[in-house]
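after the sequence you'll find the predicted model.
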Amino acid sequence: MTPEFLDLPPLIGAGGRVALPGSKSISNRVLLLAALAEGQTEITGLLDSDDTRVMLSALQSLGIELKREGSAALVQGGAGRFPAPSADLFMGNAGTAIRPLTAALALQGGDYRLHGVPRMHERPIGDLVDALRQFGCAIDYEGQAGYPPLCIGASQFRLSGDVSVRGDVSSQFLTALLLALPLKAAEQDVVIAVQGELISKPYVEITLNLLRRFGVSVQRTGWERFVIPAGSRLRSPGRIAVEGDASSASYFLAAGVLGQLHRRGAPVRVEGVGRDSIQGDVAFARVLEDLGASVRWGDDFIETDGLQPGLKALRGGEIDCLAIPDAAMTLAMTALFADAPTTLTAIGSWRVKETDRIHAMATELAKLGAQVESGTDWLRIHPLQPDQWRSATIATYDDHRMAMCFSLASFGHADIRIADPGCVAKTYPGYFQDFFRITRPVPVIAIDGPTASGKGSIASAVAEALGFDCLDSGVLYRLTAWAALRQGVALDDSAALAQLAATLPVSFAAGRIHLNGQSFDAAQLRTEAVGQAASTIAALPAVRDALFALQRSFRRAPGLVADGRDMGTVVFPDAQLKVFLTASAASRAERRYKQLISQGNPAILGDVFAELLERDARDTQRAVAALKPAADAELLDSTDLSLEQTVETVLALWRRHDVQVA
Ligand SMILES: Nc1ncnc2c1ncn2[C@@H]1O[C@H](COP(=O)(O)OP(=O)(O)O)[C@@H](O)[C@H]1O
Ligand SMILES: Nc1ccn([C@H]2C[C@H](O)[C@@H](COP(=O)(O)OP(=O)(O)O)O2)c(=O)n1
C-alpha cells in the first residue's frame, strides 16, 4: 500500500552524495536496441522503475529472452525479429516504451495491440503512425484517431523515397523511427525528413549515440534530414553501462543550492553523470550556474554548493528550455527563491507529457502563494518572500516529476504535503528516501511534561541560548479557553470551541501575546481558572485538530523549541530532540505556588497541589494526545535540579545530538 500523502517538514539545509538511478531514456533505448540486435548484451546500471518494467515485460511477451537482476540485465538479441507473432502489450504511461515499440512492431508486422493507462490514451502518437504508414505498415486506432490503443497488423513493407515525420510535438517519434529503421536498411539507405522545428534535440542525440554503440552510424544534415546508410546492422556491443539519470539529478542539484540559503548546508554531489554525459539534461546544471549557483563538474559527478561568492539569491530572467524539457520543471521551483521573476520559454511539450505540466505547475505553485502567469508554451514565476509562503497540499497528477519538484518547496517557509507520493515510482522509486537522507529539516526540540515541571521556563531559556524560536503551545489552549470564558462558550461545545481555536487571530511579538487587538503577557493567562478550562477543552479532539496547523507553522529556520503535552508525540513526531520533563508533585506544587504569588496572583498551597493533581489526571487520562513520553524521549526529572542545571542538561543533550548529525 502506498501512502495517500507525505508530509515534508520545512528544511534548513542539505548535503551529501546521491548515487543516481539509471537514466530512463537510456535504459529503455538500450533495452530495445539489445532486443533488436544480433548477439547478447549485458546491461549494467539499468533503471528499475515502472517505465523500465513496462519495457522489460513487453519484450518478454514478444519472446525476447532476458534475465534481469536488480540493475543488471542480460538480453539475448532477436537479430531484427520479435519471436512472438502476436501479443497484447500494456505500456502503462511510458512514452519511451510505446513509441519505439510501435515503430519496431509495425515495421515487422504481426498481430499486436498496444495500450496503457487512461492518460496514455490522451498522449498523441498520430505523427508516428502517419510516418509508419508511409512504409505500408498496418496500424489502426482502437479508439480516438491519433491516440493509443493501437492495433498493428501484417506489414506490406515498402520503401519509396524519404519518410517524413513531425518533430515539433515530441522528439520521441523521430527517435522511434531511428531505433527501428536500421532493420530495414540492409540494402538501401533509409532517409527520414523532419517536418517542423525539432524539439528536445538532446534526446535525439542520445538515440544517435546509442545507435553508434550498436554499430549504426546515422548521418544527419542539421536537424532536418537523417540517413541510415545501406548495410546498417544492429550489433550488440557486448556490454553497455547506463548513465545515472540527469533529469533525476536536477532535484538534488537544486537542493545543493537551496540548502545553503540559511548557510547551514554542505555540497550535494550526484554520482553517475558528469561533464561527458550524453544526456541533454545535464545542461540543467549549466543553467543553474548561469543563474548564480556554484557548480563543480567531474568525470562522473556534478556537485552544487550554494551560490557563487557575492550573490545573495539566484538570478531570475528568461530561460529557453527547448533542450531541457524535463529538468526545466525543476527551474520552476528554484524560481521561487530567485531575486526576480523567471520566465521559462519553449516548454510547449509540457502540455502532452504525463499531465499538462504547464497547467499543473501553475496551479500548484499558486497554492504556495506564488504569482504565476502562463501561456501556450511558457510559464512565468514570481519569487516568494519569506512571509508570502503558504503551507499547502500539492496534487501530483500521477506525474513523478510534479512530486519530485515540489519536494523542493520545503526549503521555503511552509509545510508541504505531497499527495500520492508513490507516483515517483515511474522513474525513481527511492526518491524520497534519498531526498530525506541528504536534507536537514528545521530542528525542533520538543519539551513535554506535566504542569509546573518547568517546561515553559526551560524552553524559553534553551531557545534563547540557541537563537531558536519558542512555542509555548499551552498558551494556545489557554487563549482558546480564555476567549471561550469571555464569550460564554460552553466548555463542552466542541464545534464552537474548535471554530474559536481555528480562527484565533493570535500573534506573538516582543515577548507579548496579541489577540484581537488586545495585548497580554503570558502571566495574565496563567490563572488556575484559565489553566483548568484549558485542560478541559484540550481533551476535545476537534480543538486539538484546529490548533494543529497553527502549532506546526512555528517551525521556521533556524529552529524551534516547543513545549506542551504532545509536542514530541503528535505535533512534531520527527523532532530532533524530545525531552520529557518531570518533577515530583510536591515540588511542582511548590514551584507553581511561588510563581503565582510572585506574579501577584493570590494562591493557597494546598489548593494549588489539589488542582495540580486534578490537571495531571485529566491530561494523562484523556483519549487523545494524552500526556505521555514519546518512545524516543529523554526522561529528565528536575526535582533536585535548579532551573540553570535543567537548562544546561537540555543543552548538553542537544549538543550531543548535533554532533551526531554533523
Ligand atoms: N528546575 C527547577 N527548579 C526550580 N524551579 C523551577 C525549575 N523549573 C521551573 N521552575 C519554576 O517553576 C515555575 C513553573 O515553571 P513553568 O516553566 O511555568 O512550568 P510549566 O511550563 O511546566 O508549567 C516557574 O516559576 C519556574 O521558574
Ligand atoms: N501541547 C499542549 C499544551 C497544553 N495542553 C493543555 C493541557 C494543559 O493542562 C493546558 C495548559 O497548558 P500549559 O502548558 O499552559 O499549562 P502548564 O504551564 O503546564 O500549567 O493546556 C495540551 O493539551 N497540549
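Noted; the coordinates are in hand. Ligands and ions are numbered 1, 2, ... in the order given.

phi and psi next, for the residue in the chain positioned nearest to ligand 1.
Per CB to the nearest ligand atom, Gly454 is where the chain lies closest to ligand 1, at 2.6 Å. (C-beta placed from N, C-alpha, C; glycine too.) When read as degrees, to the nearest 10, the backbone of Gly454 gives phi 110, psi 10.

how about it, nearest residue that isn't a chain neighbour?
Counting by CB to CB, 6 or more residues apart in numbering, Gly454 lies nearest to Ser638, which is 5.4 Å off, once chain neighbours are set aside.

count the residues that sit near the one you found.
The tally of other residues near Ser638 (other CB atoms under 10 Å) stands at 24.

could you pull out the strands for the stretch 251-400 of the chain?
Secondary structure of the stretch 251-400 of the chain (DSSP state E, counting those that start in this stretch): strands located at 268-271, 293-297, 301-307, 317-320, 342-345, 372-375, 378-381, 392-394.

okay if I get the ones you listed as CSV plus mean neighbour count, distance to ligand 2 and mean pLDDT?
Below are the strands of the stretch 251-400 of the chain laid out as CSV (neighbours: other CB atoms under 10 Å; distance: least, CB to the nearest ligand atom, whole Å; pLDDT from 0 to 100):
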stretch, mean neighbour count, distance to ligand 2, mean pLDDT
strand 268-271, 24, 36, 98
strand 293-297, 18, 41, 97
strand 301-307, 22, 36, 97
strand 317-320, 14, 46, 98
strand 342-345, 20, 41, 98
strand 372-375, 16, 37, 98
strand 378-381, 22, 37, 98
strand 392-394, 19, 24, 97
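
can you redo the ones you listed as JSON lines with distance to Arg158?
JSON lines is the format used below for the strands of the stretch 251-400 of the chain (distance: least, CB to CB, whole Å):
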{"stretch": "strand 268-271", "distance to Arg158": "47"}
{"stretch": "strand 293-297", "distance to Arg158": "48"}
{"stretch": "strand 301-307", "distance to Arg158": "47"}
{"stretch": "strand 317-320", "distance to Arg158": "40"}
{"stretch": "strand 342-345", "distance to Arg158": "41"}
{"stretch": "strand 372-375", "distance to Arg158": "43"}
{"stretch": "strand 378-381", "distance to Arg158": "42"}
{"stretch": "strand 392-394", "distance to Arg158": "51"}
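
longest helix in this protein, by number of residues?
Among the segments of the chain that qualify as a helix by DSSP state H, the longest is helix 643-661.

what about stretch 448-459, start to end distance?
End-to-end span of stretch 448-459 (CA to CA, to the nearest Å): 10 Å.

thinking again about what came up before, for the residue nearest to Gly454, give its distance to Ala585.
13 Å (CB to CB, to the nearest Å).

cool, Gln385 as well?
With distances taken as CB to CB, Gln385 is found 48 Å from Ala585.

more crowded one of the two?
Just comparing Gln385 and Ala585: by other CB under 10 Å the higher neighbour count belongs to Ala585, 17 against 9.

out of the strands of the stretch 251-400 of the chain, nearest to Asp356?
strand 372-375 (10.4 Å; CB to CB).

ok, that closest one: who's next to it in the sheet?
Neighbouring strands of strand 372-375 in its sheet, by DSSP bridges, are strand 378-381 (antiparallel).

now the partner strand, how far from the centre of its chain.
Distance, stretch centre to chain centre, for strand 378-381: 20 Å (CA atoms, centre = their mean, to the nearest Å).

same question, stretch 376-384
Taking CA atoms, centre = their mean, the mean C-alpha location of stretch 376-384 is offset from the chain mean by 19 Å.

from here on, count from 2
Yep, numbering from 2; the last one is stretch 377-385 now.

so which residues on the chain come close to ligand 1?
Within the chain, the positions near ligand 1 by CB under 6 Å from any ligand atom are 450, 452-458, 592-593, 596, 639, 642-644, 647.

low-confidence ranges, the stretch 552-663 of the chain, go.
Per-residue confidence for the stretch 552-663 of the chain (pLDDT under 70) gives these ranges: 660-663.

what sits against the one residue in it that gets nearest to ligand 2?
Going by CB to the nearest ligand atom, ligand 2 is nearest to Gly565 of the stretch 552-663 of the chain, at 2.4 Å. Neighbouring residues of Gly565 by CB atoms under 8 Å, 6 or more residues apart in numbering: 448-449, 456, 472-475, 572.

could you redo the last one with a cut-off of 7 Å?
Counting by CB atoms under 7 Å, 6 or more residues apart in numbering, Gly565 makes contact with 449, 474-475.

JSON lines for those residues, including pLDDT and secondary structure?
Shown next, in JSON lines, are the contacts of Gly565 (pLDDT from 0 to 100; DSSP: H, G, I helix; E, B strand; the rest coil):
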{"residue": "Asp449", "pLDDT": "97", "secondary structure": "strand"}
{"residue": "Ser474", "pLDDT": "93", "secondary structure": "helix"}
{"residue": "Gly475", "pLDDT": "92", "secondary structure": "helix"}
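
can you pick the most crowded of those?
Busiest of those [other CB under 10 Å] is Asp449, holding 28 neighbours.

which of the residues in stretch 534-545 are buried?
Residues 534-541, 543-545 are the ones in stretch 534-545 that count as buried (16 or more other CB atoms under 10 Å).

got it, and stretch 461-479?
461-464, 467, 469-479.

give me the element Leu90 is part of.
Using DSSP states H and E, Leu90 sits in strand 87-91.

for Arg418, that is, sorry about that
With secondary structure defined by DSSP H and E, Arg418 is part of strand 417-420.

now do that strand: distance to the chain's middle.
8 Å.

re earlier: thought the residue nearest to Gly455 was touching Ala584?
Yes. Ser639 is within contact range of Ala584, at 4.8 Å (criterion: CB atoms under 7 Å).

for the closest residue to Gly40 other than its chain neighbours, give me the pLDDT.
In space, and not counting its chain neighbours, Gly40 is closest to Ser237: 3.6 Å by CB to CB, 6+ apart. Listed pLDDT for Ser237 reads 98.

list the backbone torsions phi and psi for the nearest residue to Pro230 once chain neighbours are set aside.
Spatially, and ignoring its direct neighbours in sequence, Pro230 is nearest to Asp190 (5.7 Å; CB to CB, 6+ apart). Dihedral angles of Asp190 (phi, psi; degrees, to the nearest 10) stand at phi -60, psi 140.

and the one 10 residues further on, by the same measure?
The phi and psi torsions at Ile200 (degrees, to the nearest 10) take the values phi -100, psi 170.

pretty sure it sits against Asp169.
Yes. Counting by CB under 7 Å, Asp169 is a contact partner of Ile200 at 5.8 Å.

higher neighbour count, the two?
Neighbour count, other CB under 10 Å: between Ile200 and Asp169, Ile200 has more, with 21 against 15.

wait, what's in contact with that one?
So Ile200 contacts 168-169, 172, 323, 350 (CB under 7 Å, 6+ apart).
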